[in-house]
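**Q** no sequence for this one, just the structure:
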């Protein structure tokens, strides 16, 4: 959120980051952090887990097998987005390799 705000400020300043440094005030940063903190509490995981669609059962099972068991149904891994994307791509590659192995 803070980097997005820096981008917005840069746009307001005419997209000139060479001649003038783009600055977001400390007050604005604190407001953004407070906003992010309040939004975190809106992320909820349902206690009821619906059955996955037949077409994605393998992917869901792969996720379930790979997720660290914490005993907390509302567990949400604390990973940065690039790590989450890398994990998902790795999972898709493993599932594809398994599928190709079954068809060979």
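**A** Here it is on my side, so go on. Computed from a predicted model, the values in this text were never measured in an experiment. Residues are numbered from 1 along each chain as shown.

**Q** kindly state the domain boundaries assigned to this protein.
**A** Taking automatic domain parsing as the domain assignment, the record places the domains of the chain at 2-40, 54-103.

**Q** which of the ones you listed comes out lowest on mean pLDDT?
**A** Note on these: domain 54-103 shows the lowest mean pLDDT, a mean of 76.

**Q** off-centre distance for that domain?
**A** Counting by CA atoms, centre = their mean, to the nearest Å, domain 54-103 is centred 14 Å from the centre of its parent chain.

**Q** just stretch 11-26 next, same as before
**A** 28 Å.

**Q** tell me which residues in it are buried?
**A** By neighbour count on 16 or more other CB atoms under 10 Å, the buried set for stretch 11-26 is 22, 24. All C-beta atoms are positioned from the backbone trio N, CA, C, and that covers glycine.

**Q** residue closest to the middle of this protein?
**A** In the chain, the centroid-proximal residue (CA atoms, centre = their mean) is residue 81; its distance is 4.0 Å.

**Q** all helices of the protein, in order?
**A** When assigned using DSSP state H, the helices of the chain occupy the ranges 2-12, 26-40, 57-66, 81-103.

**Q** what is the third one packed up against?
**A** The elements that helix 57-66 packs onto, with contact taken as 3 or more CB pairs under 8 Å, 6 or more residues apart in numbering; DSSP states H and E, are helix 81-103.

**Q** which secondary structure elements does the helix it packs on contact?
**A** Using 3+ CB pairs under 8 Å, 6+ apart, helix 81-103 sits against helix 57-66.
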